[in-house]
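1. Let's see this in three dimensions:
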Amino acid sequence: MTNPIEALIAKKGVLLADGATGTNLFAMGLPAGEAPELLNDTAPDTIRQLHQHFVDAGADIILTNTFGCNAQRLKLHKAEARVYELAKGAAQLAREVADASDRPVVVAGSVGPTGELFEPLGALTNEVAVASFRDEIRGLRDGGADVIWIETMSAIEEFHAAAEAAVAEDMPYTVTCSFDTAGRTMMGVLPGQLAAALADLSPQPLAIGANCGVGASDTLVSVLSMDGSAHALVSKGNCGVPRFVGTEIVYSGTPELMGSYAGLAVDAGARIVGGCCGTTPEHVAHMRRAIDGHRLGDRPTVDSIVEAIGPLTNSVPSAAGGERRSRRSRGE
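-> Alright, predicted model coming up:
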């Protein structure tokens, strides 16, 4: 297997991943309820444009428009037979943009959750999940993806199945989870359990980490909980905290806040830093400048994170047995 991420980290020290796909596509006209993956076929120029905006902003890694490109999700749009086709097309679009850049840009094939529960809580089996992920990953590989980017996972069974599929398709991979429920994933996984849950696989992931979830502060605390891992760490947090303004979701994070977040993520040990929901190319450009001008500082604490970019949404026991501060505990 090739390892483009490790080679680029060795060259640059810290890599900048892109921002949001879904929320930016909605801003570019994607109707609510439509599968973003269908745009790979119906509006390829829109997808190229989004990738180009992120590359222009300085991203070293761009994620394909395939977060929900699995049979379980696409069947909601009667497109479950198009998994391979849409995944391959998405990778080709990102590859075109990356190859046209005057610097190395990694194409990461986004692989999100199926949206279904595993046995015994649900009907999904490991065999079906691995086969489903392999179909998607095969398309991403054949379309030119450099690495498989397994993201926003909650269940050990699911991210392990996706990783198994990447290994079976001879693709390097990364794994990130969304620690959005009292500092755990929705299915109860703690940040410190991620590496151990993948320990039986060979080859190992190129990187592990946290993405999405609630706010950037919470993502940073999750990354701190992984400090000491043998893997490179990923921090790809949401652009602040989402809230409804009328019928629209608005994220609280300013470009300046995301720049501060990027510097703290590097100090927390992350070697890949990016943004998730709500993160625009403008935010990514500020993050690029922050990383390029950053001088490594002390490892942040919960208090220094809260002071710099705002309170935590969650309040949960820390690794030290204390309690993370939250809006509620701070009286906010």
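2. Surely residue 149 is within a strand?
-> Yes: counting by DSSP: H, G, I helix; E, B strand; the rest coil, residue 149 is located in a strand.
3. Ramachandran coordinates for residue 211?
-> phi -150, psi 160 (degrees, to the nearest 10).
4. and residue 109, which of the three is it?
-> strand.
5. Show me the contact partners of the helix or strand of the chain with the lowest mean pLDDT.
-> Least confident helix or strand of the chain, by mean pLDDT, DSSP states H and E, is strand 242-245 with a mean of 75. By CB atoms under 8 Å, 6 or more residues apart in numbering, the residues outside strand 242-245 that reach it are 249-252, 277-278. C-beta here means a position set from N, CA and C on the backbone, and glycine is covered the same way.
6. All the helices of the stretch 1-150 of the chain, residue numbers only.
-> Remark: helices assigned in the stretch 1-150 of the chain by DSSP state H, counting those that start in this stretch are 4-12, 22-27, 39-42, 44-57, 71-74, 83-100, 126-143.
7. and residue 234, which of these is closest to it?
-> For these, the distance to residue 234 is smallest for helix 4-12, at 9.7 Å, taking CB to CB.
8. which other helices and strands contact that closest one?
-> Under the contact criterion of 3 or more CB pairs under 8 Å, 6 or more residues apart in numbering; DSSP states H and E, helix 4-12 touches strand 15-16, strand 106-111, strand 232-237, strand 270-275.
9. a markdown table for those strands, including mean neighbour count and mean pLDDT?
-> Putting the helices and strands packed on helix 4-12 into a markdown table (neighbours: other CB atoms under 10 Å; pLDDT from 0 to 100) gives the following:
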| stretch | mean neighbour count | mean pLDDT |
| --- | --- | --- |
| strand 15-16 | 24 | 98 |
| strand 106-111 | 28 | 98 |
| strand 232-237 | 28 | 98 |
| strand 270-275 | 29 | 98 |
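10. now the helices for the stretch 151-300 of the chain?
-> Using DSSP H, counting those that start in this stretch, helices in the stretch 151-300 of the chain cover 156-168, 194-197, 216-224, 255-267, 281-292.
11. so which of the ones you listed gets nearest residue 43?
-> helix 281-292 (17.9 Å).
12. Can you point out the buried residues in the closest one?
-> Within helix 281-292, the residues scored as buried using 16 or more other CB atoms under 10 Å are 281, 283-288, 290-291.
13. Next: stretch 129-143.
-> If you call a residue buried by 16+ other CB under 10 Å, then stretch 129-143 has these buried ones: 129-130, 132-141, 143.
14. Looking at those, which two lie furthest apart in space?
-> 129 and 143 (21.5 Å).
15. hang on, residue 57 packs against residue 285?
-> Yes: using CB atoms under 8 Å, residue 57 is in contact with residue 285, at 4.1 Å.
16. Poorly predicted segments of this protein, please.
-> 1-2, 247, 315-332 (pLDDT under 70).
17. how does it look with 80?
-> Scanning the chain for pLDDT under 80 picks out the ranges 1-2, 242-249, 314-332.
18. which residues touch residue 88?
-> With CB under 8 Å, 6+ apart, residue 88 has these contacts: 139-140, 142-143.
19. sorry, back to before: reformat the buried residues of helix 281-292 as TSV; add distance to residue 183.
-> Shown next, in TSV, are these (distance: CB to CB, whole Å):
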residue	distance to residue 183
281	30
283	24
284	26
285	31
286	27
287	24
288	29
290	26
291	26
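20. Neighbours of residue 81, how many?
-> By the criterion of other CB atoms under 10 Å, residue 81 has 10 neighbours.
21. Tell me the spacing between it and residue 168.
-> 21 Å (CB to CB, to the nearest Å).
22. just to revisit the earlier point, just the closest of the contacts of strand 242-245 to residue 125, please.
-> residue 277 (30.0 Å).
23. Count residues in the vicinity of the closest residue to the closest one other than its chain neighbours, would you?
-> Once flanking residues are discounted, residue 277 sits nearest to residue 238: 4.6 Å by CB to CB, 6 or more residues apart in numbering. By other CB under 10 Å, the residues close to residue 238 number 29.
24. Look up how far residue 287 lies from residue 128.
-> Using CB to CB, we find residue 128 at a distance of 38 Å from residue 287.
25. what's near enough to touch residue 210?
-> 176-179, 191, 219, 222-223, 226, 234-237.
26. count of neighbours near the nearest residue to it once chain neighbours are set aside?
-> Of all residues not flanking residue 210 in the chain, residue 222 sits nearest, at 4.0 Å (CB to CB, 6+ apart). Around residue 222 there are 31 other residues, counting by other CB under 10 Å.
27. Verify the stated contact: residue 222 with residue 183.
-> Yes: here residue 222 lies in contact with residue 183, judged by CB under 8 Å, at a distance of 7.1 Å.
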